[in-house]
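>>> Have a look at this fold, sequence not included:
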């Protein structure tokens, strides 16, 4: 379930500028860069760098950048898998 609040966004005068707040954490949920940053506990600039570097999938709606929650979860899983495969200094772990 998604709750949409309509209203003005800042001083840009956007007609459709409210926030999207989800009640359930479904995988098709769409997150803003700030929401992704809060979720990952990093700065929004870091999220933009991850997107530009191709590590995190994102899309644009007009000038706004958005990420699907499923893509953020996939990013986390890939990072955990990579950490498990690599040694302490980025070298392949030997078994």
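Yep, that arrived. Values in this document were obtained by computation on a predicted structure and should not be read as measured data.
>>> CA atoms for contacts and neighbours, from now on please.
Noted.
>>> which element follows the helix or strand where residue 45 lies toward the C-terminus?
Counting by DSSP states H and E, the element that carries residue 45 is helix 44-52. Once helix 44-52 ends, the next helix or strand along the chain (criterion: DSSP H and E) is strand 59-61.
>>> What strands line up against that next one, and which way round?
strand 64-68 (antiparallel) (DSSP bridges).
>>> What are the buried residues along the helix or strand that the strand it pairs with is followed by?
Downstream of strand 64-68, the first helix or strand assigned by DSSP H and E is helix 69-85. Buried residues in helix 69-85, counted by 16 or more other Cα atoms under 10 Å: 69-72, 75.
>>> returning to that earlier point: quick one, the helix holding residue 45 and helix 69-85 angle?
80 degrees (axes from the mean of the first three to the mean of the last three Cα atoms, to 10 degrees).
>>> Counting by contacts, list what helix 44-52 packs against.
Packing partners of helix 44-52 (3 or more Cα pairs under 8 Å, 6 or more residues apart in numbering; DSSP states H and E): helix 33-40.
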